[in-house]
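# Could you look at this predicted model? Sequence included:
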Amino acid sequence: AQSDIEPDTSTCNAAISACEKGGKWLHATTFLSMMAQSQMESDMMTFNAIISACEKGGEWEKALQVFKMMAEREVERRTITYNAAISACEKCGEWERALHLSSTMAERQVKLDRITFGASISACEKGGEWETALELFRAISQSMEELDTIIFNAVISACEKG
């Protein structure tokens, strides 16, 4: 039996989120292509889920391509979007790109949060940049009211490996 249900942005977003949770980044990006071919609207949720899927799959370059595509399509990029892109860079030790994204957030007045800081410090740690991680920690500790265990653990781990 054939269904009368037509896919829309919501159903595609649900499928992309399932791909993200399963670490199937390639399937997630295929949905984006299908949506474009069908002239279906892709929104912030669509892109965020795809960037997260790429991050989980260790595909930082693809995550940044999708991140860039959001700007080209004039889709708003919020803290969660930047954090997913920073985390994708962090997982692969792309510390310079992670820090560039963090500084871009500040320039564009997008709120930086503990996830932003923790992932940025962890990116430095994975890139063997313990001194940069320590400098970042100093800057963060002056601007944040409360530091949490994520940030402390990230900087300790960076220094431990240095």
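Sure, I can see it. Numbers count the residues shown, from 1 in each chain.

# So, low pLDDT: which residues of this structure?
Residues of the chain meeting the criterion pLDDT under 70: 1-3, 162.

# tell me the helices in it, going along the chain?
Counting by DSSP state H, the chain has helices at residues 9-21, 25-37, 44-56, 60-72, 79-91, 95-107, 114-126, 130-143, 149-161.

# if we look at the second one, which residues are touching it?
The contact list for helix 25-37, computed with Cβ atoms under 8 Å, 6 or more residues apart in numbering, reads 9, 12, 15-16, 19-20, 40-42, 46-47, 49-50, 53-54, 56-57, 59, 62, 66. Placement of C-beta: from N, CA and C, glycine included.

# Ok, the first one next?
Residues outside helix 9-21 that contact it (Cβ under 8 Å, 6+ apart) are 5, 25, 27-28, 31-32, 34-35, 40-43, 45-46, 49-50, 52-53, 56.

# Adding mean neighbour count as columns, could you present the helices of the chain in TSV?
Formatted as TSV, the helices of the chain follow (neighbours: other Cβ atoms under 10 Å):
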stretch	mean neighbour count
helix 9-21	18
helix 25-37	17
helix 44-56	25
helix 60-72	18
helix 79-91	25
helix 95-107	18
helix 114-126	25
helix 130-143	16
helix 149-161	17
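
# Pull the contacting residues for the most centrally placed residue in the chain.
When Cα atoms, centre = their mean is applied to the chain, the residue found nearest the centroid is A84 (1.3 Å). With contact set as Cβ under 8 Å, 6+ apart, A84 has these partners: 48, 51-52, 55, 63.

# any chance of the residues you listed in TSV, plus distance to S143?
Formatted as TSV, those follow (distance: Cβ to Cβ, whole Å):
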residue	distance to S143
N48	25
I51	26
S52	26
E55	25
A63	26
